[in-house]
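**Q** let's see this in three dimensions:
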Amino acid sequence: MSSPEALVVRSLKQHLAAQGLPLGRFHSILVDAHPSYVHSRASSALEPFAQLKIGNVRADLVGSISEHDSSTIVGIEVKPDLRDWQKGLAQARTYRDGVHYAYFAARVKTREPARNSVERLARELGVGVLFAENDNWQQTVAPDDPLPRPSLLQVTAHLLEGVPVARRLQLNHPLNYLVVPYLAASSSSESLLERLAAEWPDLGSDATRRHALVGAATLGLLNHEGGLTLEGRNVADLLRAVGFDPGANRLNKRARLLEVSPGCAAVARTVFLRQPAVRLVLDVLQTEQRPLTAVALTRAALKRALVLASSVFLADPGAPLSLSPDGTAFNPSAVFKLKQNLWHAGLLSSKSHESSGKRAVDYRPHEDLWALEDGGHTGMFYRRGDPVA
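**A** Numbers count the residues shown, from 1 in each chain. Take a look at the predicted model:
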């Protein structure tokens with residue numbers, strides 16, 4: 001037998017899965033593992049269940065709504081009718097401590113007197129209201145926005161994670177960074193700088209070896225104390241699995257990494273694809289479905305994510321991109337070092353332009369082509385022969 005509340009939760013869940021809320025469409029929905037739900041005849045429609053405790057209160061339903069690259073969490077207190085609406089609103093108010101948006105939901109009758117009281121108090125509490133007449137659910141009160149707003153917080157988080165990768169990578173080959181966690185994973189009394197000097201002669205000075213350590217930390221492979229992160233340990237394990245051994249076989253670093261060691265290139269891709277700056281570049285190229293010059297790529301990225309794109313591509317992130325920019329407008333670390341790393345890893349089919357990596361005034365951004373790898377390495381394609389923007 002199904003309780004009245006279980007039937008209301010089923011009706012609401014079906015509505016949310018199909019229609020979402022004004023906030024957006026739901027990515028996933030969970031129902032509380034209360035016995036009245038788990039053992040009801042509606043249980044198959046209510047799955048999946050979980051114990052949904054927010055503080056000391058059990059939420060009837062929680063769900064996540066995807067918004068750009070962030071997720072907002074919604075908690076809903078459900079009642080079969082308005083007889084116990086004051087308790088329901090109090091519980092929904094408690095949810096605000098553990099979710100971004102809190103709602104009170106109930107079935108109602110047309111022109112039911114208590115509706116106005118529910119909506120008035122809900123506005124005071126910052127709780128949204130969902131009412132259903134004959135399973136036709138409507139939001140009648142919008143919930144208060146959380147502080148901070150998840151989407152705005154995610155923008156800042158992406159800046160903190162993405163900008164250093166674009167502006168602090170000072171070496172132009174992925175193995176110069178990946179070798180750091182590889183060496184750190186094996187026991188040794190020597191420091192990482194000493195091990196790099198002894199086992200990775202490609203970096204011929206203390207300055208370049210320090211660049212490798214800074215780059216590895218920037219990519220999330222080392223923590224602030226210089227120890228391995230979980231990501232760094234995973235990279236070390238993957239490198240061993242694909243046969244990487246700096247002491248046994250020296251790779252030709254003048255050749256493209258994807259060609260001389262596809263396994264190592266795949267490891268590099270797993271690292272770079274986590275970076276917001278890299279995802280921004282690839283997302284723009286995938287959307288455009290054609291190669292773009294550095295100028296066109298930057299303009300498109302600025303429209304998509306202004307603050308992140310300006311920090312990635314522009315020498316002065318606070319200055320606008322002129323109508324016909326020259327090389328001095330661009331961040332040399334992005335157009336040379338970052339791009340070269342992405343080419344080696346097999347994410348871009350276009351290597352650094354011959355004019356990059358020198359004096360900024362000599363860089364020719366209108367000629368510098370950026371193109372996705374044409375093949376099965378990233379799952380992204382462009383059509384050869386398409387016009388260049």
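**Q** my understanding was that residue 243 contacts residue 263; is that so?
**A** Yes: counting by Cβ atoms under 8 Å, residue 243 touches residue 263, with 6.6 Å between them. To be clear about C-beta, it is placed using only N, CA and C from the backbone, and glycine gets the same treatment.
**Q** who's more crowded, these two?
**A** A direct count of neighbours by other Cβ atoms under 10 Å for residue 243 and residue 263 places residue 263 higher, at 14 against 11.
**Q** the more buried one and residue 342, how far apart?
**A** Distance of residue 263 to residue 342, given as Cβ to Cβ, to the nearest Å: 17 Å.
**Q** quick one: low-confidence residue ranges for the stretch 51-200 of the chain.
**A** Applying pLDDT under 70 to the stretch 51-200 of the chain flags residues 67-70, 158.
**Q** for it, which segments are assigned as strands?
**A** Under the criterion DSSP state E, counting those that start in this stretch, the stretch 51-200 of the chain contains strands at 53-54, 57-58, 61-67, 70-79, 101-107, 128-133, 136-141.
**Q** report the inter-axis angle for the third one versus strand 101-107.
**A** Yep, that's strand 61-67 we're talking about. 130 degrees (axes from the mean of the first three to the mean of the last three Cα atoms, to 10 degrees).
**Q** helices or strands up against strand 61-67?
**A** Secondary-structure packing of strand 61-67 (3 or more Cβ pairs under 8 Å, 6 or more residues apart in numbering; DSSP states H and E): helix 4-19, strand 26-32, strand 70-79.
**Q** out of those, deepest packed?
**A** Mean neighbours per residue, mean count of other Cβ atoms under 10 Å, is largest over the helices and strands packed on strand 61-67 for strand 70-79, with a mean of 22.
**Q** and residue 107, which of the helices and strands packed on strand 61-67 is closest to it?
**A** Closest of the helices and strands packed on strand 61-67 to residue 107 is helix 4-19, at 5.5 Å (criterion: Cβ to Cβ).
**Q** circling back to that earlier point, just name the most buried of the strands of the stretch 51-200 of the chain.
**A** Among the strands of the stretch 51-200 of the chain, ranked by average contacts under mean count of other Cβ under 10 Å, first place goes to strand 101-107 (a mean of 26).
**Q** pull up the pairing partners for that strand, direction included.
**A** strand 70-79 (parallel), strand 128-133 (parallel) (DSSP bridges).
**Q** quick one: low-confidence ranges for the stretch 251-389 of the chain?
**A** Looking at the stretch 251-389 of the chain by pLDDT under 70, you get 375-389.
**Q** and the helices in it?
**A** Along the stretch 251-389 of the chain, counting by DSSP state H, counting those that start in this stretch, helices occupy 257-260, 262-272, 276-288, 294-304, 306-313, 332, 339-345.
**Q** just to revisit the earlier point, any chance of the helices and strands packed on strand 61-67 in TSV, with distance to residue 144 too?
**A** TSV is the format used below for the helices and strands packed on strand 61-67 (distance: least, Cβ to Cβ, whole Å):
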stretch	distance to residue 144
helix 4-19	20
strand 26-32	20
strand 70-79	13
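**Q** nearest to residue 11, of the strands paired with strand 101-107?
**A** Closest approach to residue 11 among these is made by strand 128-133 (6.5 Å; Cβ to Cβ).
**Q** ok, which of the helices and strands packed on strand 61-67 comes nearest residue 327?
**A** When the helices and strands packed on strand 61-67 are compared by Cβ to Cβ, strand 70-79 sits nearest residue 327, at 34.9 Å.
**Q** neighbouring contacts of that closest one?
**A** With contacts defined as Cβ atoms under 8 Å, 6 or more residues apart in numbering, strand 70-79 is touched by 5, 8-9, 12, 21, 23-24, 26-27, 52, 54, 59-65, 85, 88-89, 91-92, 95, 98-106, 130, 146, 150-151, 153-154.
**Q** at 6 Å instead, please
**A** Applying Cβ atoms under 6 Å, 6 or more residues apart in numbering, the contact partners of strand 70-79 are 8-9, 59-65, 88, 91-92, 95, 99-106, 150-151, 154.
**Q** now swap in stretch 244-258 and tell me
**A** Under Cβ under 6 Å, 6+ apart, the answer for stretch 244-258 is 173, 199-200, 260-261, 264-265, 344, 346.
**Q** could I have the longest helix seen in the chain exported to PDB, CA atoms only?
**A** Longest helix of the chain, by residue count under DSSP state H: helix 150-168. Once non-C-alpha atoms are left out, helix 150-168 reads as follows in PDB (Å, rounded to 0.1, in the frame of the first residue of the first chain):
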ATOM      1  CA  PRO A 150      27.200  28.700  -7.100                       C
ATOM      2  CA  SER A 151      27.600  29.900 -10.700                       C
ATOM      3  CA  LEU A 152      29.600  33.000  -9.700                       C
ATOM      4  CA  LEU A 153      31.600  31.000  -7.200                       C
ATOM      5  CA  GLN A 154      32.500  28.500  -9.900                       C
ATOM      6  CA  VAL A 155      33.700  31.300 -12.100                       C
ATOM      7  CA  THR A 156      36.200  32.400  -9.400                       C
ATOM      8  CA  ALA A 157      37.100  28.700  -8.800                       C
ATOM      9  CA  HIS A 158      37.900  28.300 -12.500                       C
ATOM     10  CA  LEU A 159      40.000  31.400 -12.400                       C
ATOM     11  CA  LEU A 160      42.000  30.100  -9.500                       C
ATOM     12  CA  GLU A 161      42.500  26.700 -11.200                       C
ATOM     13  CA  GLY A 162      42.800  27.800 -14.800                       C
ATOM     14  CA  VAL A 163      44.700  31.000 -14.900                       C
ATOM     15  CA  PRO A 164      48.000  29.700 -13.400                       C
ATOM     16  CA  VAL A 165      48.100  26.900 -16.000                       C
ATOM     17  CA  ALA A 166      47.900  29.400 -18.800                       C
ATOM     18  CA  ARG A 167      50.300  31.900 -17.300                       C
ATOM     19  CA  ARG A 168      52.800  29.900 -15.300                       C
END
